[in-house]
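[1] Okay, predicted coordinates and the sequence, questions at the end:
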Amino acid sequence: MATPDPFKILEYPMSTEKAVRKMEAENSLIFVVARDATKKQIRWAIEKAFNAKVAAVNTLVTRDGKKKAFIKLKPETPAVEITTRLGLA
């Protein structure tokens, strides 16, 4: 069995003002993810794609049908470092 691609689960990161504030204040990332992705799959995808330690994952389905994942990272993994790698910061 081939290893699944983490970027099939993680569609794209949010780079709104709220997302940046959350990143700086709470060491969190906000991603739009595949609608059928579970919290365990999202955690796995973040850990695999960015070599990060995830503390918690919360999800929300927006009115327009997109699924957002709020990913809280452990203190040893700075969210700023990941957003810099993604080219957002």
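    Cool, the structure landed. What you see is a predicted model, and the numbers here were worked out from it, not measured in a lab.
[2] Pick out the residue nearest the middle of this structure.
    F31 (4.3 Å; C-alpha atoms, centre = their mean).
[3] for it, helix, strand, or coil?
    strand (DSSP: H, G, I helix; E, B strand; the rest coil).
[4] ok, now how distant is it from L86?
    10 Å (C-beta to C-beta, to the nearest Å). (Each C-beta comes from the backbone N, C-alpha and C, glycine too.)
[5] Please enumerate the shared neighbours of the two.
    P13 (C-beta atoms under 8 Å, 6 or more residues apart in numbering).
[6] still on that earlier bit, would you agree the residue nearest to the centre of the chain is in contact with S15?
    No. F31 is not in contact with S15 according to C-beta atoms under 8 Å; the separation is 10.6 Å.
[7] What confidence value was assigned to A89?
    Note on A89: pLDDT of 64.
[8] Now whichever helix in the chain runs longest: buried residues?
    The longest helix of the chain (DSSP state H) is helix 39-50. The neighbour-count check on helix 39-50 (16 or more other C-beta atoms under 10 Å) flags Q41, I42, R43, W44, A45, I46, K48, A49, F50 as buried.
[9] swap in stretch 75-82?
    Applying 16+ other C-beta under 10 Å to stretch 75-82 flags T77, A79, I82 as buried.
[10] Closest to R21 out of these?
    Of all these, A79 has the smallest distance to R21: 11.3 Å, by C-beta to C-beta.
[11] separation between the closest residue to that closest one other than its chain neighbours and T16?
    Distances taken as C-beta to C-beta, 6 or more residues apart in numbering put M23 closest to A79, at 4.5 Å, once the chain neighbours are dropped. Look at M23 and T16: by C-beta to C-beta, they are 11 Å apart.
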